[in-house]
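1. just need the structure, nothing else, for what follows:
(2 chains)
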Amino acid sequence: MKKDISSLHVPHNKHTAACVPVRIATPAEVILPMNMHSGRQDSEPIVSVGDHVKVGQLIAREEGRFSSPVHATISGTVVEIAPMATPDGKGTLAIRIESDGKMEKADTVTPPVITDCQSFLQAVRDSGLVGLGGAAFPVWAKLNEATNPDYKVDTVLINAAECEPYITSDHRMMLAHPDLLADGIEYLRKYMSEALGNATFKICIEKNKADAIELLKKTFENKDYVVIHELKTIYPQGAKQVMLYNATGRVAIAGRRFPSFGAMIINVSSISKMAEYLNTGMPLVERIVTVDGPAVDKPQNLIAPIGTRISELLKITGLKSEPGKVVIGGPMNGNAICSVDDPIVKVSNAVLVFDEKSAMLPEASACINCGRCIEKCPVGISVAEVDRVMNTKNEDAKARRLIATGVRQCVDCGCCSYVCPANRPLLQINWDAKSFLKKYAAAQKEKEGGNQ
Amino acid sequence: MGKLHISPNPHIHQKGSTTQNIMLDVVIAMLPATIAGIVIFGINALWTVLVCVASAVLSEFLFNLCVHKRQTISDLSAVVTGLLLALNLSTAVPLWQCALGSVFAIVVVKCLFGGLGKNIVNPAITARVFMLLTFGAVAAVSLPTVVELTATATPLASLNQGVEVAAAEAPSIMDLFLGLHGGAIGETCALALLIGFAYLVIRRVIKWYVPAAFVGTTFVCYLVYGGFDVVFALQHILAGGLLLGAIFMATDYVTTPTTNKGRVVFCIGAGLLTFAIRQFASYPEGVSIAILTMNLLTPYINDFTKKKTLGGIK
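-> Coordinates of the predicted model:
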């Protein structure tokens, strides 16, 4: 008997659920980093300082695997191409464009000509679209993978869960543009007919978005290949392994590519934006950002060009108190940034500002073996055991014991850290464990290769 | 604008989920039994409690000072240990022995093994056993000052003399339930202990079926042993330190298995051992040694009650 993975109730704080997104006035400048994708190599600028660019114009080409092209999001002059600090310490280049106030569209912005699957994938690649749910995995690469004849994809899961607190940008996108979602599904069926022609499109959405569910049901009432799958409103419904299990009953085993489970998962905003590009030719230049958090005066959804400084957005919403921490993304999975002058990037679905009091969590103390981390882990990892085992000196014993805890299945939801009474950094300990196991496996392979 | 804090995700934490809050809940849960003990056994019970708790907190404070470790007394775990030890002792134990027991519990059983979370055996129970072996008087039971009692032995001792004798001399079920008989300070009043149990379950500190597994196993053993005499089995459940041990010591996070399945296995084992020691060994009380033994088996119970990870190796 299949049991739903259920885990954690986190306070929703969906204060902006009823806020229709408002387009902000064109900012004076935008800063476009070269690392707005999941691949490790940065994009390469193709413009120079002094060039005049228009909206939708290509200004950086993709370099390396899983990289993405970058387009100008406002019209104006390139004033600087300089290094920018990032919280992980690596840093990246960023192109700064000063607005000329005109927001002129580039001539290259025309609906792409698509004849078959190849040209379809190339068009999606050219749009610079990456997973807008936060993963930043290039969409064309995901679609390309699904065309592999070895994977028999029979279900396309459209991730409309938005399980994190505060964020409502996907929700508002669905309410504003159900037509784009419908277009996106049709495009996939038409141009990837070999891979997805017979697939079921399951729109997986949490029950707390009742208005969106109703609208979607109406939009797709005549399409039997589109199913609206309602999910319990708990965290982390949006994690892809959890969604796969709850929507199809299949178990995502770590180390295998996702389509090998017969399913493809894509964020609802990603597929909608893809349709927008195919309809108009305008690449990814703006997005809906939820601005919320304890320190924000008037939380709201804003439509802003990518590259807008966060301080610009905060001027519109106002601040109730001194910001202590600014997080891009949700409170469970988002990343804290260095300064409010940092820009929003392609995947910035939310900007959360925490006040000084809520910015820092208490220091970690000793594990008391309460077992709440194990209870609340959606995939049943023995997290407390991982914590204990990480101190093992003998590498072989450490690897064996870590594998036995199931830590390789970790979906990075952070439920363990959230519930730990001792405030232990369990999510980071799990990352450590996974990274250790990867290195260990690579070393084992090398040893075996050497022995041959 | 000032500098921004940077820390890894998650950036929010479950409200109220702290070690200190859990310890506070346990202390509150023990308060009904503490008050009942003072009412039944008199003001001496209060001195015992205060001395045990103060010695526990002080010894942890001094130990941390001596080894230059961060002070941990604010997590209230020393208070829990001191109070639990006090509830396990009778008012007949001299206060200096109580203090020494507390020091042993904190310094030897907990701190020397690495502090909170690192001890292998339950500090209160181990200190109790240490005192039993060292001082002997711990076995002496205090008589309640509230109720006149003709029998001088504890219900357990009198019950052990045989089923026929037990029927004549043993206190009634109601007396046993309200705790109006001899015994340790916190173990006699079942009503007070059950109030504490309910509090812990409501506050989600423990799962109701964990202590129930312990008590239930022993109950079933006595049921079978006594020829399916329910009264007989009930008498043996309410007498002695079974409820206190099941609710507060077999549910100690640190020294019992991590998963709920493991905890149930632990409690079933402890239940069986309690019955065996009480009936077939020379001690009238089996709970302490039973829990102590199961503490030592906890790592192995953890191994074979590990949760099955979705998609992990079988």
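2. for the stretch 101-250 of chain A, which residues are neighbours of chain B?
-> Contact residues (Cβ under 8 Å from any Cβ of the partner chain) of the stretch 101-250 of chain A with chain B: A:Pro165, A:Gln241, A:Tyr245. Every residue, glycine included, has its C-beta placed from N, CA and C.
3. who's in contact with the first one?
-> Okay, so that is A:Pro165. A:Val10, A:Pro11, A:His12, A:Asn13, A:Lys14, A:Gly330, A:Pro331, A:Met332, B:Ile12 (Cβ atoms under 8 Å, 6 or more residues apart in numbering or on different chains).
4. the third one and A:Lys207 touch, don't they?
-> In other words, A:His12. No: in this structure, A:His12 is not within contact of A:Lys207 by Cβ atoms under 8 Å, at 11.6 Å.
5. need the residues touching each of these two.
-> A:Thr233.
6. in terms of neighbours, single out the busier of these two.
-> A:His12 (16 against 12; other Cβ atoms under 10 Å in any protein chain shown).
7. chain A contacts on the stretch 101-250 of chain B?
-> Counting by Cβ under 8 Å from any Cβ, the stretch 101-250 of chain B sits next to chain A at B:Gly115, B:Leu116, B:Gly117, B:Lys118.
8. count the neighbours of the last one for me.
-> So the one you mean is B:Lys118. B:Lys118: 15 neighbours (other Cβ under 10 Å).
9. can you tell me the closest non-neighbouring residue to it?
-> A:Ala366 (7.1 Å; Cβ to Cβ, 6 or more residues apart in numbering or on different chains).
10. any low-confidence regions in the stretch 101-250 of chain B?
-> B:137-171 (pLDDT under 70).
11. which element is residue 265 on?
-> Unless you meant another one, I'm taking chain A. Element membership for A:Ile265, per DSSP states H and E: strand A:263-267.
12. that's the wrong chain, I wanted chain B
-> helix B:260-280.
13. follow-up on the earlier one: so who does the residue nearest to B:Lys118 touch?
-> A:Ala422, B:Gly115, B:Leu116, B:Gly117, B:Lys118.
14. how many neighbours does A:Ala254 have?
-> By other Cβ under 10 Å, 17 other residues sit near A:Ala254.
15. residue in chain A nearest to chain B?
-> A:Gly406 (2.6 Å; Cβ to the nearest Cβ).
16. number of nearby residues for the closest residue to that residue other than its chain neighbours?
-> Leaving aside its sequence neighbours, A:Gly406 sits nearest to B:Thr309 (Cβ to Cβ, 6+ apart; 2.6 Å). Residues within reach of B:Thr309, counting by other Cβ under 10 Å, total 23.
17. and for B:Val230?
-> When neighbours are defined as other Cβ under 10 Å, B:Val230 has 11 of them.
18. now do the contacts for the spatially most central residue of chain B.
-> Here the mean C-alpha position of chain B is nearest to the C-alpha of B:Met249 (Cα atoms, centre = their mean), at a distance of 3.2 Å. With contact taken as Cβ under 8 Å, 6+ apart, B:Met249 is in contact with B:Leu84, B:Asn122, B:Ala124, B:Ile125, B:Val287, B:Ile291.
19. does the first one touch B:Ala29 like I think?
-> So that's B:Leu84. No: between B:Leu84 and B:Ala29 there is no contact under Cβ under 8 Å: 10.7 Å.
20. looking at those two, which is more packed in?
-> B:Leu84 (29 against 24).
21. residues in contact with the residue lying closest to the more buried one once chain neighbours are set aside?
-> Closest residue to B:Leu84 apart from its sequence neighbours, by Cβ to Cβ, 6+ apart: B:Ala124 at 3.9 Å. Shown in contact with B:Ala124 (Cβ under 8 Å, 6+ apart): B:Thr81, B:Leu84, B:Leu85, B:Asn88, B:Ala105, B:Met249.
22. quick one: buried residues of the helix or strand containing the second one?
-> B:Leu84 is part of helix B:77-88, with elements assigned from DSSP H and E. Within helix B:77-88, the residues that qualify as buried by neighbour count (16 or more other Cβ atoms under 10 Å in any protein chain shown) are B:Ser77, B:Ala78, B:Val79, B:Val80, B:Thr81, B:Gly82, B:Leu83, B:Leu84, B:Leu85, B:Ala86, B:Leu87, B:Asn88.
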